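**Q** just need the structure, nothing else, for what follows:
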Amino acid sequence: MSKPSLPWAGLDGPIYTPRELKPRKPYVIYTCWAMVVLLLVGGIVTRFKIALMFGALYALTLLTIKDVAITRRGLEIFYQMRITTNYNFWPWSEINAIVIEDRSHPELIALHFGRGNASKRFFFTRQDTQDILILAREKNPGVPIRQLNTPPNSGSFSRGSKGI
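**A** Model (predicted):
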C-alpha cells in the first residue's frame, strides 16, 4: 500500500507539528500486540467469535498513524489506517478559542484549540507556541487567547474529601 501524501505537503509558509509529551514505551507496544494475538486466538478457539472482530479492530487501531499540523489554513489532522484515511480540518475562522497551558515542562507548552463544543490539545515547543499565536492573531484577530493559570489537579476533590 502506498503512503498517501499529507494534505498540507504542498503548502507554502510555516508548518508547525506538535511533539509527543510521553511516547509509548516499547513494552507497551509489545503488550498491545500480544493482546491482539490473544483476542484473535480466543475468537478462533472459543465460541465467542466477537473476539475476532475486537482483535481486528484493535490491530487497526495500533496501525493507525495520526499526523497533525498547524498551517496558514488552520488546524489539520490526518489519520492513516490500512483500510481508509480520515482528514479533519479546522479553519482559523472556525476556531473560537485557544488556551495556553504551561505545565512547567522545560521545553513544551500545551495548546488547546476549541471549535464549537470540541477541543483538541497538542504540545508544541516554546518558540513554536509563540509563532502559532502570532499566526492565529494574523488569521483570526477575534479569537480569544487565554492563559490557563491553575496548575494541573488543583481545585478538584481529593480521595479523602466528602464532596458536597
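
**Q** list the buried ones in whichever strand or helix holds residue 41?
**A** Using DSSP states H and E, residue 41 sits in helix 26-45. Buried residues in helix 26-45, defined by neighbour count with 16 or more other Cβ atoms under 10 Å: 36, 39, 40, 42, 43. C-beta coordinates here come from the backbone N, C-alpha and C atoms, glycine included.

**Q** please identify which helix or strand holds residue 69.
**A** strand 65-70.

**Q** how far does the helix holding residue 41 sit from its chain's centre?
**A** 24 Å (Cα atoms, centre = their mean, to the nearest Å).

**Q** got it, and stretch 73-91?
**A** Mean C-alpha position of stretch 73-91 versus that of the full chain (Cα atoms, centre = their mean) differs by 11 Å.

**Q** just the buried positions in it, please.
**A** Residues of stretch 73-91 classed as buried: 73, 74, 75, 76, 77, 78, 80, 90 (neighbour count, 16+ other Cβ under 10 Å).

**Q** again, but for stretch 47-60
**A** 51, 54, 55, 58, 59.
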